[in-house]
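> What follows is a protein structure lacking sequence information:
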Ligand SMILES: Nc1ncnc2c1ncn2[C@@H]1O[C@H](COP(=O)(O)OP(=O)(O)O)[C@@H](O)[C@H]1O
Ligand SMILES: Nc1ccn([C@H]2C[C@H](O)[C@@H](COP(=O)(O)OP(=O)(O)O)O2)c(=O)n1
């Protein structure tokens, strides 16, 4: 009798520029899993509030708008997409205006409750679909996936990197260079945002049972391999 392996849920958290999104996508591709970028959901919520003319300082109006968010997340790691009310906002949510404003939405506790609910539903759907269709599971990444959204995930990883490495990576991403000027221009987007976000979620220290992978001195492929090794070790133990 053949056994169908249970769907795997991998949760990855970490600060901005630690490599969460790119590493999680590569891990999902490598293992044949779905990929959920929860940061993209906070970005989509921010884009929607701005689109609807909601003042981001009005916490009640923001929460109401997010409860009505018509969001569809594409979870294929080859081509993750974000669609809001029929508009593909995959690129628009990466623009600097959204990056600068997103913490105001992500620190709204009613928004966190609503998006957390949607994230749990997406993870549960992959679990259930996997059991019936032979789907393999999901990699979900963000700031509170290992602790709040999916503390019961099969594998939980905190991906960290030094401040210096994170600033250089983001500068290279946004400005195409990691010279002193580009690093300075990136500081607000990385460090101020992490400081604001840290007021509502802890993502600098690993919770009990969460494995830390420090990518400061690893290149991209080495980081992917390190996370895959954590998955292999965790699933071998289970
Ligand atoms: N270990 C690494 N070494 C060098 N660059 C990396 C590494 N991990 C990720 N990167 C690059 O750093 C940038 C930021 O990564 P990203 O996945 O967007 O981080 P996060 O989602 O944590 O903000 C990307 O250009 C990515 O390719
Ligand atoms: N689970 C999550 C995911 C993201 N967030 C917040 C943190 C960030 O300010 C925004 C956008 O997240 P995203 O992962 O795209 O941020 P980066 O630009 O990769 O640093 O959402 C959160 O509060 N909780």
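It's in. Quick caveat: nothing in here was measured; it's all calculated off a predicted structure. Residues are numbered from 1 along each chain as shown. Ligands and ions are numbered 1, 2, ... in the order given.
> Can you tell me the centre-most residue of the chain?
The centre of the chain sits closest to residue 142, judged by C-alpha atoms, centre = their mean, with a distance of 2.9 Å.
> My understanding was that it contacts residue 13; is that so?
Yes - when contacts are counted by C-beta atoms under 8 Å, residue 142 is listed as touching residue 13 (6.1 Å). In short, each C-beta sits where N, CA and C put it, glycine included.
> what is in contact with the two at once?
Common neighbours of residue 142 and residue 13, counting by C-beta atoms under 8 Å, 6 or more residues apart in numbering, are residue 20.
> can you pull out the helices in the chain?
Per DSSP state H, the chain carries helices over the ranges 20-31, 38-51, 59-67, 96-106, 109-133, 163-175, 180-187, 193-197, 220-237.
> The shortest one near ligand 1 at all?
Yep, that's helix 193-197 we're talking about. No - for helix 193-197, no contact with ligand 1 is found by C-beta under 6 Å from any ligand atom; the gap never falls below 9.7 Å.
> confidence score at residue 49?
We note a pLDDT of 98 for residue 49 in this prediction.
> Next up, the contacts around it.
Residue 49 neighbours (C-beta under 8 Å, 6+ apart): 56, 62, 65-66, 105.
> what do you get if the cut-off is 7 Å, keeping everything else the same?
Taking C-beta atoms under 7 Å, 6 or more residues apart in numbering, we find residue 49 in contact with 56, 62, 65, 105.
> Contacts only, for the first one.
Think residue 56. Counted by C-beta under 7 Å, 6+ apart, residue 56 has contacts 49, 62, 101, 104-105.
> quick check, nearest of the residues you listed to ligand 2?
Of all the contacts of residue 56, ligand 2 sits closest to residue 105, with 7.8 Å by C-beta to the nearest ligand atom.
> and the gap between the closest residue to ligand 1 within the chain and ligand 2?
Closest to ligand 1 within the chain is residue 19: 2.8 Å, counting by C-beta to the nearest ligand atom. Distance, residue 19 to ligand 2, by C-beta to the nearest ligand atom, to the nearest Å: 9 Å.
> Number of residues surrounding that residue?
Neighbourhood size, residue 19 [other C-beta atoms under 10 Å]: 24.
> So it sits against residue 157, correct?
No - with contact defined as C-beta atoms under 7 Å, residue 19 does not reach residue 157; the gap is 11.1 Å.
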